[in-house]
Each structure stands twice: as structure tokens, then as C-alpha cells.
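K.L.:
coords please:
(chains A and B)
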Amino acid sequence: MNLEASAVEKWFLRGKSGSNRFFAVRKTSLTLESGKVCVLTGRSGSGKTTLMNMMAGLLTPDGGKVILDGQDLYAMPDDALSRLRNRMFGMIPQGADVLPELTVMENITLVQHIYRNRAGSAFSAEAEEGGAGFSSERCEKLLEQMEISHLRDVQAKELSGGERRRMCIARALAGNPKFVFADEPTSDLDDENTRIILSMLRQAADKGCAVMIVSHDAEAEAYADRKWRMDAGQLQDI
Amino acid sequence: MLFKMIRGVLFHQKGKMLLIAFTIALGASLATGMLNVMWDVGDKVNQELKTYGANIIVKPKDSSLLSDIYDVGEGEQLSVAYLNEEDLPKLKTIFWAFNIVDFTPFLEADVTLPGGSEAGIVGTWFNHHLSLPTGEELDAGVASMRSWWDITQGAWLDEAEESAASSVMAGTLLAEREGWKVGDEITVTGSAGEKTVTIAGIYDAGGDEDMQLFAPLDLVQELTDREGKVEQIEVSALTTPDNELALRAAKNPSALSSRDYETWYCTAYVSAICYQIQEAIPNASAAAVRQVAESEGTILDKTQLLMILITILSLIGAALGISNLVTASVMERSKEIGLLKAIGARDHSITGVIMIEILVTALAGGVAGYFLGFGFAQLIGHSVFGSAIEMKVKVIPIVAALIALVTLAGSLPAIRMVLRLRPAEVLHGGQ
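P.N.:
Numbering: from 1, shown residues only, chains lettered A, B, ... in the order given. Predicted structure coming up:
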């Protein structure tokens, strides 16, 4: 399963007059393929996160399309797009955002609970199709792999930065998504944490997931199957 | 999970949630207090106004007719017919019997005083005890219907005492002119005989009554040989302020449709009570003292309007307060909301969770506010009317609905913010 961006662009207005358009992403096409890790590098403000958000169904492009299985994400109704994000995408935001009052385990299983009351697990359809789906065993295993299993019942607000980041990776992978989007997943982390996180993302790709990493970290490139560089809104192959 | 998330927010943002609950409690307390007072104020104001005299005058039909024909003013005599004293208890048998709170008969005459001068004497009840066929016990008379009279010497004549039958009360000007004081015995001569009476009290009424004597009804009937007769009855009744229907009915009840007639008859309009008095007492003509009836209506309408305005303003204030606090709470949690959206939560799920949080807080604030407001109503009742305000059950659903409405209205800006919040912006560090 591929996720394809076709000539997507995004611009913002600068100044009150609205005449001065700033292009964050100029007409760009790319494809995220299953089983591959794609690393996107570039200077701050070059449009990396904007491009990733458009790919992740979080930011409507001003031009072009993002197509999954022949369907334009942004032509879908909001509810359907939300459900698709829940079922197919794993998000690791830049700020390692969490719900601070919930425990580590609750944060990880949150993805499942969002649609639980409607039709069982959001991932039940995938489970039927042969995917691993969502299971408590999988969550426990992810906690172990992230080396935070001892923190499963600790409130997220009590975690350190590295622990939080690892919890976010576990949350993104818990539902066995088809696509994972990681925005600076290793920023401000020590070498050990960086290694753990990048290894996990590599493993996810090896199991068939398409992983897109936005990073400044040179070490991330070592895990990549494909490398891109953004420069002033233009995507370049490296 | 949902419960845990809500509990987490309530405790995590307990300062804000307490402020929201406090704002709602303030709004609810004012609404509860004002609505309870508003629905009880009608009776209270009525009771209060009843202490300033009668609002219905009952006269013999013939006398009333002649007064109308010859345009006889208040206080002037043109009585050629009488009502029967024995018919008075019938006032308490009409449909609105319980709204008749007091009444007293009057029979006027002129008497010759010991020095040869003449003075008016008014026969009436002072605190006449009635045991009605309905089982109701009632003390009726001028002692309660002229409660504003200043008794400068002695006391109100007490009909329960044996000496009352031969006692009178004198107006302050008359007593001054004649040099009377309490305890003096005087002989008064009427058209049918004379009687020696004791001055039981001297009053200052501030009007023509200060030159008159007030005596028990029996005594005046005996002096003038008019046993069992009364000239007019003053009635104090609790009434509903007139509206267009009451005004139409007052002109001609028979012109009303049967439905309007039933509505009018079964509402305590002063005209409906007059009509029923005429039905109960043969040959009687009952008329409203318009000034009193209209004043009651005006005072009630203005008081209730004031209460409604205070309620509306307090609820608007509460809505604005809630709006600010909920918006601040949502802004503080914008990253969490952005995260929930990013992992697939739909807008209505997120707004649902936020609304549940706010409504749980509103429920707590509303319950506290209701009891606070009821206490507030009691404070108003005791300090303004000197009595408790009755708890009106209908206030509970109304306050609940108002609080729900105010909470929802106050939450609208925050909900709008949630709907417009883009996860890509907040998760990247924006607001």
C-alpha cells in the first residue's frame, strides 16, 4: 500500500494585504512505500513538517492531491479522514505530546479507545484482514522494546523527555499502522534513546509499515531506505 | 477511559473548574432567588397591600344605583337600602373564599353628645370572631383593616371582652374637642334611644374619621333601630392583577365567550371576585376600589419585571464568565486536543468530552447555586416582607434549563475554537 503526494503545495499569507504569499511547500510529488523508511532533512523552515502534515492528512494542501488506494485524502469527509488516520496512520508529533493525566498504558491504548464504543476496536477490520491489529500483548511488548514497561502505570506527566518520546513511538506503533509519521523523533535525546527509537521505526518498516521521518539528526539517515532534502519548499532526492 | 479523562481534567484544572462552578453557582443562585421571590412576591405584595385597606366595597344594589345616578362622592350619604348582617359570612362561601382575607361591615349614624353637639358614629366590627360553616375560623374587623391607624391612647376595642358592647373609640380631633380621655363615660343619643358608653381608645386616622366615634355594630344598630342592617361592607381580597380579559369582563361578563368566561371566573381577578360576591349576597353590588387594584397590578408587574431583568442580567454575566473560563481552559489544552485530533478523534467526540466536563462542573455549581439562591430568597423574604419565601418546585426545572442553556451558550466560543483548531499548527508549537 502506497501513499502518494501528487504536486502538493502549501502557501501562507504574510502581511495584512494578503498579496505576499510565502510558499512553505512548492509543487512536490513523492511516494511513501510499504517497508521503507524515508528520511526528510533540511533547514528549519524549509517546509519539512508542512509536507509531512499534508501526507498525514492533518493539513489541507493548497494544490495537488494526497492519494491512498486511489482515493484523495482531502476529498474525504472529515469523519472518514479522522477514522482513516486512526486506523492507518501513526503520528509522532514534534513536541512529544501526551495526555498528562493518563498513565503510560492508557496513553498508548488511547488510539483504540477513540472508536471502541462505535464498532469494537478501530483495528478489527484490519485484524480480520490478517494484520496484527491492536492487542494488549502488543502494547506490553512495545513497552518492553521501548524499555518503559516499568512505567506502564505512571502518569505521563511524570515522565522525562526521553521516556515521553519513547511512549509516543509506542503509541504510534500500537495499532500496527500502515504509515508512521515521525517529526523530529530524536531531537534533544541522548545517543542511547536515539538508537532505541530509530531501531523501533526501522523494525516497523521491516514489518511492512511505511515510515516517514523528518529529522535534523544525521544518524537517522543511516536507517533510511530513501533520503530527501527540503530546500525552500522544494524536495530534492539525496 | 472517558471517565478517567474527565476526572483527570477536573482535577488537573481544578482551579479553573472551581471558578466555572463558582460562576455557574452565582448565576444559579441569583436565578433561583429571583424566580422564587418573583413567584411568591405576588402573594407577599398582596398581603402587604391588604394592610392598607379594602379593595372591594359591597353596597346594597339600590343604594349603589342611586349613588351612580346622582354621582354621590365617597363618604356622602345616600343610603336608602341595607344589606343584612347575617349575609356577611356568605362572603366566605364563594369560589375564591380563601382569597377573602378580611372584611367588615359599616353602619353610620349621627348621635348627640353630652354637651349637645353632634358627631358621626360608625358601627362596625373590630375583631369579630366568625365560625364559618366551612369550619374556618376568622377574626375580621377594622382592627386589621385599619392597621395604619395610630392608637394614641388606650387600645383597639376587643370584642372578646364583655365591656366591648358598651365601649367606643373616639377620633383624636373629636376627643380633643370634647376633652375626653380613655376610661371616660359618655352618653350618646341616637334616633332610637341613648346609651352610656366608655371611651376604650383614641385613634389618629389622619382623615375625616378623626371627628367620628367608632362603635360596635350592635350598639349603632340599637341606637338607630336598624337591627341586623349594615350599609356597606369593605372587603380585603387577594387578587390577580387585571389584564385585558379582566377589563373586558368587568364591563360585561355575559359578553365573554364560554371559554373566556370560565378562565375569568376561575382566576382571582378583582372583577371575578366582585361578581361572585354579588352571586352570594342577594341584592348586593360589589365594586373594586380601582386605585388599590390598579396599584397592586402596577407594583406587582414592576417588581416582577425587575426580578426578571436581574435574572437575565445575572445569567448573561454567568454566560460571559463561563465563556472566558472555558475558552481559557481549551486554549490551555490545545496541544492535547490537537493530539486527539491527530490520532483520529472526531470533532464531535472531542466537543462531547469537553461538554461533559463543563456540564459535570455546571451540575455541581448549579446544585450549590440552587441552595444558595434559596437561602438568598429567604433573606429577601425575611428582610423585605418579614416572612419566609415558599419553595416553588417549578423553579428547579427552570433553573436547570437556564443553567444548561447558559452553560451551552457560554461554551460556544470554546467549541468553535475546538472545531477550528488544526492539529498541524498546535502540535508544531502554535496555538
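
K.L.:
quick one: low-confidence ranges for the chain?
P.N.:
Went with chain A since none was named. A:15-19, A:96, A:116-134 (pLDDT under 70).

K.L.:
ah, no, chain B please
P.N.:
Where chain B drops to pLDDT under 70, the residues are B:1-3, B:6, B:9-11, B:42-43, B:45-53, B:63-80, B:290-297, B:428-431.

K.L.:
the helices in the chain, which residues?
P.N.:
This is for chain A. A:48-55, A:78-88, A:104-113, A:116-119, A:124-128, A:136-145, A:161-174, A:191-206, A:218-221 (DSSP state H).

K.L.:
I was after chain B.
P.N.:
Along chain B, counting by DSSP H, helices occupy B:2-12, B:14-50, B:61-70, B:142-145, B:172-178, B:217-224, B:244-251, B:258-265, B:270-280, B:290-332, B:334-342, B:347-380, B:395-420, B:423-426.

K.L.:
so can I have JSON lines of those showing distance to A:Arg229 and mean neighbour count?
P.N.:
C-betas here are computed from N, CA, C, even on glycine. As requested, the helices of chain B are exported to JSON lines (distance: least, Cβ to Cβ, whole Å; neighbours: other Cβ atoms under 10 Å in any protein chain shown):
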{"stretch": "helix B:2-12", "distance to A:Arg229": "40", "mean neighbour count": "16"}
{"stretch": "helix B:14-50", "distance to A:Arg229": "45", "mean neighbour count": "22"}
{"stretch": "helix B:61-70", "distance to A:Arg229": "107", "mean neighbour count": "15"}
{"stretch": "helix B:142-145", "distance to A:Arg229": "99", "mean neighbour count": "23"}
{"stretch": "helix B:172-178", "distance to A:Arg229": "109", "mean neighbour count": "18"}
{"stretch": "helix B:217-224", "distance to A:Arg229": "113", "mean neighbour count": "22"}
{"stretch": "helix B:244-251", "distance to A:Arg229": "83", "mean neighbour count": "16"}
{"stretch": "helix B:258-265", "distance to A:Arg229": "85", "mean neighbour count": "14"}
{"stretch": "helix B:270-280", "distance to A:Arg229": "91", "mean neighbour count": "22"}
{"stretch": "helix B:290-332", "distance to A:Arg229": "36", "mean neighbour count": "17"}
{"stretch": "helix B:334-342", "distance to A:Arg229": "25", "mean neighbour count": "23"}
{"stretch": "helix B:347-380", "distance to A:Arg229": "36", "mean neighbour count": "20"}
{"stretch": "helix B:395-420", "distance to A:Arg229": "33", "mean neighbour count": "18"}
{"stretch": "helix B:423-426", "distance to A:Arg229": "21", "mean neighbour count": "22"}
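
K.L.:
out of these, flag the one nearest A:Phe12.
P.N.:
Of all those, helix B:423-426 sits nearest to A:Phe12, with 10.8 Å by Cβ to Cβ.

K.L.:
report whether the closest one contacts chain A.
P.N.:
Yes - counting by Cβ under 8 Å from any Cβ of the partner chain, chain A is contacted by helix B:423-426 at B:Pro423, B:Ala424.

K.L.:
need the winner for burial among the helices of chain A.
P.N.:
Mean neighbour count (mean count of other Cβ atoms under 10 Å in any protein chain shown) peaks for helix A:48-55 among the helices of chain A, with a mean of 27.

K.L.:
thinking again about what came up before, of all the helices of chain A, which one comes closest to chain B?
P.N.:
Of all the helices of chain A, the one in closest proximity to chain B, counting by Cβ to the nearest Cβ, is helix A:78-88 (2.4 Å).

K.L.:
for chain A, what's its nearest residue on the stretch 251-400 of chain B.
P.N.:
Residue nearest to chain A within the stretch 251-400 of chain B: B:Gly344 (2.4 Å; Cβ to the nearest Cβ).

K.L.:
quick check on A:Glu147: phi, psi?
P.N.:
Main-chain torsions, A:Glu147, degrees, to the nearest 10: phi 60, psi 40.

K.L.:
return the residues in contact with residue 5.
P.N.:
I'll assume chain A. A:Thr28, A:Ser29, A:Leu30, A:Thr31, A:Leu51, A:Met54, A:Met55, A:Gly64, A:Lys65, A:Val66, A:Ile67 (Cβ atoms under 8 Å, 6 or more residues apart in numbering or on different chains).

K.L.:
my bad, the chain I had in mind was chain B
P.N.:
B:Met5 makes contact with A:Leu99, A:Glu101, A:Leu102, B:Val353, according to Cβ under 8 Å, 6+ apart.

K.L.:
and stretch A:90-103, C-alpha only, in CSV?
P.N.:
Extracted in CSV, the C-alpha atoms of stretch A:90-103 (Å, rounded to 0.1, in the frame of the first residue of the first chain):
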residue,chain,number,x,y,z
GLY,A,90,0.7,6.5,13.4
MET,A,91,1.7,10.1,14.4
ILE,A,92,4.7,11.0,16.4
PRO,A,93,4.5,14.8,16.8
GLN,A,94,7.5,17.0,17.3
GLY,A,95,6.6,18.0,20.9
ALA,A,96,6.1,14.5,22.2
ASP,A,97,2.6,15.5,23.2
VAL,A,98,0.8,13.3,25.7
LEU,A,99,-2.4,13.4,27.7
PRO,A,100,-0.7,14.1,31.0
GLU,A,101,-3.4,12.8,33.4
LEU,A,102,-3.5,9.4,31.8
THR,A,103,-1.0,6.6,32.5
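
K.L.:
cool, thanks, talk later.
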